[in-house]
Each structure stands twice: as C-alpha cells, then as structure tokens.
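Enquirer: Test case, fold it:
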Amino acid sequence: MLYARVSSERQAEKDISIPSQLKALREHALKRGWEIYGELIDEAQSARTTDRPAFKKMISLARQKEKPFDAILVWKFSRFARSRFDSAVNKALLKRQGISVISMNEDFGDGAVAKLMEGIIESVDEFTSDCTAEDTLRGLKEAARRGFHCGGTIPIGYRGKKVMDGHNQRTKLEPDDTYAPIIRRIFQMCIDGLGAKEIAKTLNAEGLRTRSGDTWGKHRILYILRNEVYAGTKVFNKRDKRGGRSLLKDQKEVVRVQNCQPALVDDQMFRRAQKMIEERSPEYVHPRTVGSKYVLSGLLRCERCGGTMCGCAAKTSKYFYYECRNSARRGKGTCKAKAIPKKKMEEFVIDRIRRNILTEENLMRLVELTNEEECKVREEDSNRLRTVEKQRKDLRERLRKHHIALETEELDLEHLAPRIKELTKQIAELDKRHLELDRHIRESRPEPLDPKVVRAYADDLNGLLAKGTIAEQRSFLRTFIKRIDVNHPKVVIDYTIPVQVGKALSANISETLR
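Expert: A predicted model of the protein is given here:
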C-alpha cells in the first residue's frame, strides 16, 4: 500500500507534493519488485492527528482478518505520523497483523539500531511539528494584533478588505454596511428579552436573509450571539466539536486577542447578551417555559415550599392555572399551596406593576435611593482604596530598607532573599487590588438621571404591558422581574428596572391577591 500526505497547499508546492511522493514511491516499489495493492492520499491533512480519511481507511483495511497487503510504503515517516504516541500505537497494531511501515528515504534495515534510529527520527519529527505549531500560533497572534484576518470564513457582518503589508497582501475586516446593522439588531433583540427562535422568526417575517440567501434559524442566531468576534476579539486554539486537537498539542487555554477588528457591539452589550442566553438555557429554565403562553412562566415561586409554580390546564383544557410544581408532581401532602387561575394571576401582577411601580413618582424616588446607595458604596470603596495605598506605601518602605541592608552588607542575601521575595509578592497583590478598586470607583461614578428619560421609560413599559403580545410581555417581564414569591393571598414581586445602560434600580413590593 502506498500512502502519501501533505498538510498544506504551501507544502504541496514544494518537492514533496502528492504527485512527487507517488512517483517516487512507485519507482521505489518497482525497483524492488513489489506489487502495489493501492494508493491512498490525504491532502491538506495534519499528521498530528490520526483523524485523516485515507489514513483511517488504510488502518481499517489492515485490521481485516485476512490482511490485504504486507507493508505500507511512505516517502518519510513524518508522512505516516508526527506524534510519537500515534506512531507507536498504530505501528504496534499493524505489527500484530504482520504489516510493516517502510520509509523509502529512511530505511535503516532491521535490528536494534534500526529501531533506535526510527525512534530518533519520530522524536525529531514531533519536535519539528511542535515548533512549527508554536511558530504558526505566534504568527497568527501577531497578525491578529495588527488587525489582519487570519483565514477561515469571514463572519457575517464583516467584509474583507485587501491591504499591503510590505510585499505581502493581507486581509483586514471591516463592517459590512448591509449586514452589520442586522448583527447589532440581533444583539439588541436578545437584550430586550427575545429568544433565538423569536429573533429568527422576526428577521424571516421581515424578509431578511443571511449572506448566503438562507432563512435565519435558532442555531445560527445563537452562534452569532456567542461569537466574540463581534466584540472585536479573535479566538485561537479552540478544540473542535469532534474533540480534535488544538493547534498546540498541550495548550489547554483558548487564546484570545482583543481589538483585532472593529467591534460591532461593545463589551457591555456582548456580556449582557451572554447573561440573557445563560438565563434562558435549559440548565436553568425548562424549554417549555421559554416558549410558554403563560406570561409568568419561570418567574413564580411557591413561598411555602420554595418550588417553582408552573402553568397547567384542567382536564377539559378550558381552564388554566398556576400551580406549585411540587404539589402537582408529589401530591397535596408535599405542599398545600392553592392553584391560582392563570388570568387572575397575570392580570393582578401586571396591574400592580403598572399602578405601584411604573409611575414617575415611584421611579424618581427609586432613582434617589439608588444614587444614595451608590454614593455610599463608592465612599466605602474610597476608604478601602486609601487603606490599600497606606499598606502599599509601608511595604515599599520596608522593601527599600531591606535593599539598603543588602547593599551595605549589614545582612547577607541568604537571610534577606526570602523576606524580599515575600514583600515583593505582597506589594504585587496590593497593586492588583488597588487597580481593581480604582477601576470600580471610576466605572461606578453616579450620573444624574434626566427625569424625561425616566418618564419616557415608564410610558413605554406601560404601553407594552397594556397592548403588547404575550411574547413581548413575557420577554419584558423576564428582564424586569427577578422573581415573584406567592403564598396565597400574599404576593411579593422582586424587580429590577434598567433605566439606563450600566444602572439598574432594584426593589420589591408586597401585595394581597383578592
């Protein structure tokens, strides 16, 4: 069996191209009078893994009860495998079948010396492959830092622009005027509470299509929402879904290079979208809850037992209720909470929110309380920052005295080295803490709210609750309400109002259901 492989188009352009390998292998077999059973070829396939179509077919043929060939002839052992582990495992398997692997350019015969030389060659091949992978990743990271696209399909929302980099032509990504607005809108709809399926339906209903002319689907929307490229970050070294190896065999961490291309959404919007996706995940919310026609699905909690309250229908399917899940599944002996008519519960909650929360007076008072709390927290952080600065100053002075003692030879290095190392570590930790506190103080600086913004926000939400569809109301409530605790007739609504980017007003109201 003749086996040939190249790992890239660049390699194929050199003297070890597929035709060159096959020609040399045929001549080598002909000179020795060997009959050629067949030829298998892997093009643009890495030898760092055995997940190669032709290679797997070759091993499968070799494992047959009656072996179809006696040897596998390759141009060099590196064409067979670059991993010592893969090479050893597969050669051992072939050996049990009575099949040998022969390299036409590295034939050392039989015996102990031949095995030693073969092992040395495999080690050198693996070392060369690892070095090449490291150099490749280093080159990709450098190209990404300079804003160049590093290959692969250009993500929807971007287009490639050819630029000259010295004597080489490279590609940079820039926003696509046609699809970039759609990407931004997808993120905004997610933040507004729409699920991936609802977003896809909205885009399709408007006649919008993907770059390839296809309709939008749930999985495509989720892929876009989770893709860091839209926040300007290029990601390398990801493992594929089939468990394939990363670019560096022993590298476990995914490499992220920020600011590689213009971001279509800012970091805050991207993080908020990830949070929304996580909250709608089946791990936290049952799939039926997300698409349910029960407006309060996933929000109601039974205060008696702490379980969730789910929507259910009477046997005639004419009457609908919210019922404690524990009571519904395990019987009234587990929890004696009453089932509440769906319409009554939903109208009650929406009415109380409109009358008791979404009023200009209540929102402005909530703004004042929130600003006061932020000022208090900021003052506490400022006090912590001053304490850290004082501790850091003291440690630096002690470190300076140790250095003086070392220079004047009052104490020797053996005695001072452990202490200097410990002081340096403590200072580094305080520097990090100082940076975190300083950033938090700057980012959490209270900004006065325009009453017009609060008034407009209240009007919009009231209109949505009064005239919005079930999907719109449910999406709004899921971003607005943290939870609703029910212990009939008592109802406690815990809510958060994001009146502006980066600021949320939180409170709760307690009402009696009549």
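Enquirer: Quickly find the element holding Phe69.
Expert: Using DSSP states H and E, Phe69 is not contained in any helix or strand.
Enquirer: isn't it right up against Met58?
Expert: No. Using C-beta atoms under 8 Å, Phe69 is not in contact with Met58, being 9.1 Å away. To be clear about C-beta, it is placed using only N, CA and C from the backbone, and glycine gets the same treatment.
Enquirer: Between the two, which contacts overlap?
Expert: Met1 (C-beta atoms under 8 Å, 6 or more residues apart in numbering).
Enquirer: Those two: which is more packed in?
Expert: Ranked by neighbour count (other C-beta atoms under 10 Å), Phe69 and Met58 place Met58 first, with 23 against 18.
Enquirer: how is this structure carved up into domains?
Expert: 2-143, 158-242+252-279, 363-452 (automatic domain parsing).
Enquirer: Can you show me the helices along the stretch 401-514 of the chain?
Expert: For the stretch 401-514 of the chain, helices defined by DSSP state H, counting those that start in this stretch occupy the ranges 413-443, 451-467, 470-480.
Enquirer: Figure out which of those helices is closest to Lys318.
Expert: helix 470-480 (18.3 Å; C-beta to C-beta).
Enquirer: tell me the mean pLDDT over that closest one?
Expert: For helix 470-480, mean pLDDT rounds to 71.
Enquirer: ditto for stretch 410-420
Expert: Computed over stretch 410-420, the average pLDDT equals 79.
Enquirer: Just the buried residues of that stretch, please?
Expert: By 16 or more other C-beta atoms under 10 Å, the buried positions in stretch 410-420 come out as 416, 420.
Enquirer: Kindly state the pLDDT recorded for the residue positioned nearest the centre of the chain?
Expert: The centre of the chain sits closest to Arg226, judged by C-alpha atoms, centre = their mean, with a distance of 6.0 Å. Turning to Arg226, the model gives it a pLDDT of 91.
Enquirer: does it really touch Met276, like I thought?
Expert: No. Counting by C-beta under 8 Å, Arg226 does not reach Met276; the two are 11.4 Å apart.
Enquirer: residues near Lys57, how many?
Expert: 13.
Enquirer: Is it in a helix, a strand, or coil?
Expert: helix (DSSP: H, G, I helix; E, B strand; the rest coil).
Enquirer: Spit out the contact partners of it.
Expert: Here Lys57 is in contact with Leu40 (C-beta under 8 Å, 6+ apart).
Enquirer: what's the answer for Gly217, then?
Expert: Applying C-beta under 8 Å, 6+ apart, the residues near Gly217 are Ala200.
Enquirer: where does it fall, phi/psi-wise?
Expert: phi -130, psi 170 (degrees, to the nearest 10).
Enquirer: how close does it get to Ile481?
Expert: Separation of Gly217 from Ile481 (C-beta to C-beta, to the nearest Å): 29 Å.
Enquirer: ok, now Arg301?
Expert: From Arg301 to Ile481 the distance is 11 Å (C-beta to C-beta).
Enquirer: Check Phe55 too.
Expert: 56 Å.
Enquirer: does Gly333 sit in a helix, a strand or a coil?
Expert: Per three-state DSSP, Gly333 ends up coil.
Enquirer: Tell me where the stretch 251-400 of the chain has strands.
Expert: 255-257, 300-302, 309-313, 320-324, 340-341 (DSSP state E, counting those that start in this stretch).
Enquirer: Which of those comes out lowest on mean pLDDT?
Expert: Among the strands of the stretch 251-400 of the chain, strand 255-257 scores lowest, with a mean of 72.
Enquirer: wait, Leu406 sits on Leu416?
Expert: Yes. If you go by C-beta under 8 Å, Leu406 and Leu416 touch, sitting 5.2 Å apart.
Enquirer: where does the stretch 251-400 of the chain dip in pLDDT?
Expert: 251-255, 279-292, 315-317, 360, 366-367, 369-371, 373-374 (pLDDT under 70).
Enquirer: Could I get the full set of helices for it?
Expert: Using DSSP H, counting those that start in this stretch, helices in the stretch 251-400 of the chain cover 267-279, 287-290, 325-330, 342-356, 360-407.
Enquirer: and the longest one, what other elements does it pack with?
Expert: Packed against helix 360-407 by the contact rule (3 or more C-beta pairs under 8 Å, 6 or more residues apart in numbering; DSSP states H and E) you find helix 413-443, helix 451-467, strand 490-500, strand 503-512.
Enquirer: Ile484 contacts Cys302, correct?
Expert: No. In this structure Ile484 lies outside contact range of Cys302 using C-beta under 8 Å: 10.4 Å.
Enquirer: so Thr171 bridges to which residues?
Expert: On the basis of DSSP bridges, Thr171 is bridged to Lys162.
Enquirer: Nearest to Cys324, out of the domains of the chain?
Expert: That would be domain 158-242+252-279 among the domains of the chain, by C-beta to C-beta, at 22.0 Å.
Enquirer: Distance from the chain centre to that closest one, please.
Expert: The chain centroid and the centroid of domain 158-242+252-279 are separated by 12 Å, computed with C-alpha atoms, centre = their mean, to the nearest Å.
Enquirer: before we move on, what about stretch 475-484?
Expert: For stretch 475-484, the separation from the chain centroid amounts to 25 Å (computed by C-alpha atoms, centre = their mean).
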